[in-house]
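**Student:** Need coordinates for the below:
(2 chains)
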Amino acid sequence: MSTFRIGTGAGFSSDRLEPAVDLVERGELDAIVLECLGERTVAFGHRDRMADPARGYNSLLERRMRALLPACRTGGTTMISNMGAANPRAAAERTLAVARELGLKGLKVACIEGDNVSALVPPDQPFMDEPGSLADIDMPIVGMNAYLGADAIMPALEAGADVIIGGRLADPSMFLAPLAHRFGWQPNDLARLGAGTLVGHLLECGMQVTGGYFADPGVKDVENLAQCGYPIAEVQADGSAVITKLDDTGGCVSTATVKEQLLYEVHDPARYLTPDVTADFSRVEIAATGPDRVKVSNAGGTARPDTLKVTVGFDGGYQGEAGVSYAGPAAQERGQLAAEIVAERMARVHGITSDLRVDLIGVSSLFATAGIRATEAQDVRLHVALRSRSKEHAELMLWEVESLLCCGPAGGGGYRGAITPSVITKSVLIPRERVKPTLLVQVA
Amino acid sequence: MNAPRRNARRIFRDIAHARAGDKGNTSNVNVWAYDPADFELLKRTLTAERIKQTFPHLIRGTVTRYELPQLYGLNFVLQDALEGGVNSSLNLDSHGKSWSYLILGLELDDSNEDRPAG
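**Tutor:** Okay, the predicted model is just below:
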């Protein structure tokens, strides 16, 4: 068989499950990847683990495994995921327990560790992409994770693992590894590594390439978006691939959906850095070859960086958010008055001026700093946000906004307020030889 | 597919589509002409300088433009353009996901053929 079929079963930590089950059941996949980790997700995972040593992995892991493992077993589909987040070992144990409950005897579960490099990074390590160093941040560090590449995943594939779970496995590397394993791509075959990285990059955000995050009624209409299907890549040994999805699923794969994802979170298209290769997407060709079928080719690559990126998470205290709404005649003026009252009282009564933001949703919020304001809004919402090391500051802000109900402008209603934990992340680099991935394979 | 809105000047949304992404405090917005015939117009009128000058309070750093002519696309990298980034921004959209529509909402200045290429 010359084509390798690889799909996505999650493109972020809270992504949908039932389309993933459909994909594994009908997709005849060689491998499925569940990409569930962002910079902040892993930091929150560390906080969870500190509170309970058995936690720190993706909170949907058990539910996902229960739904997907039987179909993966039946179809001979290898699963690769970074759902281990800040605790891959506990995630692997949980997966083994689910497999045993489901009677999936003999299922091989691989756990990749070694991405937690807290002990390996100097306390004054300079930041990767801004002035300053770790020593400048006056907050407790919760964890440090290096991005592991395909070379950390390869030994698990060679060991014949059915399920591969890690922590900070780099997104495209989870796709590149099974491709390189199947086709025998070598570490010096940079064009092929670039091509496999392109496949990974296009698929790593799940439905963002099959019509998700794309629809704009009237100019970019997408059919049946509510039942959007996850993507499949049919990859050839030369690295070219067709991006497609299952028949009878919603969404669409078009040159336009593929283009938008091609440069999603990419800066210089000729230099997309991963642990495996410096990928070159600048000369990529994209062509529709049939309904919901788009061929991608001509990616390239140059040598991989000598360093690995490390995400450092800090405990950032708390973020408070609260709001009240105003509607009808002069809603905008009443909302504006409410905003001024909150700002004045936070400063004069409570002495809190920093890290406070007051927006008027419906008039100017997302584009407020860009200087764009609507002029005729009749349904506006005061939105106040504050970040602080002190939970009390956040509570005081919520109290002030709620007090507008009796003490603020006329006709305010619909108060809501919430306080959530906050994490801060920074990036540093580590020489790759200092990072030593480890592999543990267990059988259900 | 890209019919102009009634009673309004054309905007970039009428000829192009876009997606925004974030890394730290840097935003990138990729912009693609629907019709290859509009790519020259897009290149000529949607310059890095115009974006930087239109949003001086939001975009504190440099704007770099990359071109993918074979796909009729542009990629803008906006440094220091996320109000501190997802960690410190108190914007509801702390990732700047909506910056794609900030750019698509700009007026398509296709009347001035003398505008220098950028």
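**Student:** As a check, name the ranges of all helices in chain A.
**Tutor:** Per DSSP state H, chain A carries helices over the ranges A:18-26, A:39-51, A:61-75, A:88-101, A:150-158, A:171-183, A:190-203, A:255-262, A:331-348, A:391-407.
**Student:** Up against chain B, what does the stretch 301-444 of chain A have?
**Tutor:** Selection of the stretch 301-444 of chain A residues close to chain B by Cβ under 8 Å from any Cβ of the partner chain yields A:316, A:319, A:355-357, A:359, A:361, A:365-372, A:383, A:385-387, A:423-425, A:427. For the C-beta atoms, the positions are set from N, CA and C on the backbone; glycine is no exception.
**Student:** roughly how far out does stretch A:71-78 sit from the chain middle?
**Tutor:** The chain centre lies 25 Å from the centre of stretch A:71-78; the measure is Cα atoms, centre = their mean, to the nearest Å.
**Student:** Now do the SS call for the spatially most central residue of chain B.
**Tutor:** Nearest to the geometric centre of chain B sits B:Ile103, at 3.7 Å (Cα atoms, centre = their mean). Counting by DSSP: H, G, I helix; E, B strand; the rest coil, the backbone at B:Ile103 sits in helix.
**Student:** you'd agree B:Val31 is in a strand?
**Tutor:** Yes - using three-state DSSP, the assignment for B:Val31 is a strand.
**Student:** quick one: it and B:Ile103 touch, right?
**Tutor:** Yes - counting by Cβ atoms under 8 Å, B:Val31 touches B:Ile103, with 6.4 Å between them.
**Student:** intersection of neighbour lists for those two?
**Tutor:** Common contacts of B:Val31 and B:Ile103 (Cβ atoms under 8 Å, 6 or more residues apart in numbering or on different chains): B:Phe12, B:Ala18, B:Leu46, B:Phe76.
**Student:** isn't A:Phe127 right next to A:Ser133, touching?
**Tutor:** Yes - in this structure A:Phe127 lies within contact range of A:Ser133 using Cβ under 8 Å: 6.4 Å.
**Student:** of these two, who's got more company?
**Tutor:** Taking neighbours as other Cβ atoms under 10 Å in any protein chain shown, A:Phe127 and A:Ser133 compare with A:Phe127 leading, 17 against 14.
**Student:** quick one, what contacts A:Lys436?
**Tutor:** Neighbour list for A:Lys436: A:Gly114 [criterion: Cβ under 8 Å, 6+ apart].
**Student:** how close does it sit to chain B?
**Tutor:** Per Cβ to the nearest Cβ, to the nearest Å, A:Lys436 is found 27 Å from chain B.
**Student:** and the gap between that residue and A:Val117?
**Tutor:** To A:Val117, A:Lys436 is 10 Å away according to Cβ to Cβ, to the nearest Å.
**Student:** Report the beta-bridge partners for the residue lying closest to A:Leu308 once chain neighbours are set aside.
**Tutor:** Using Cβ to Cβ, 6 or more residues apart in numbering or on different chains and skipping the chain neighbours, the partner closest in space to A:Leu308 is A:Ala146 (4.6 Å). Beta-bridge pairing for A:Ala146 (DSSP bridges): A:Val310.
**Student:** My guess is A:Ala146 contacts A:Ile430. True?
**Tutor:** Yes - using Cβ under 8 Å, A:Ala146 makes contact with A:Ile430 at a distance of 5.7 Å.
**Student:** Walk me through the domains of chain A.
**Tutor:** Recorded structural domains for chain A (assignment: automatic domain parsing) are A:4-118+A:145-311+A:432-443, A:313-427.
**Student:** okay, A:Pro275: pLDDT?
**Tutor:** For A:Pro275, the model assigns a pLDDT of 98.
**Student:** Quick check: it touching A:Tyr147?
**Tutor:** Yes - between A:Pro275 and A:Tyr147 there is a contact under Cβ under 8 Å: 5.4 Å.
**Student:** residues near the closest residue to B:Gly73 other than its chain neighbours, how many?
**Tutor:** Closest residue in space to B:Gly73, ignoring its immediate chain neighbours: B:Trp32 at 4.3 Å, by Cβ to Cβ, 6+ apart. By other Cβ under 10 Å, 24 other residues sit near B:Trp32.
**Student:** And B:Trp32, what's its pLDDT?
**Tutor:** At B:Trp32, the model reports a pLDDT of 98.
**Student:** Quickly list what it is bridged to.
**Tutor:** Counting by DSSP bridges, B:Trp32 is bridged to B:His17, B:Gly73.
**Student:** you'd agree it is up against B:His17?
**Tutor:** Yes - applying Cβ under 8 Å, one finds B:Trp32 in contact with B:His17, separated by 5.5 Å.
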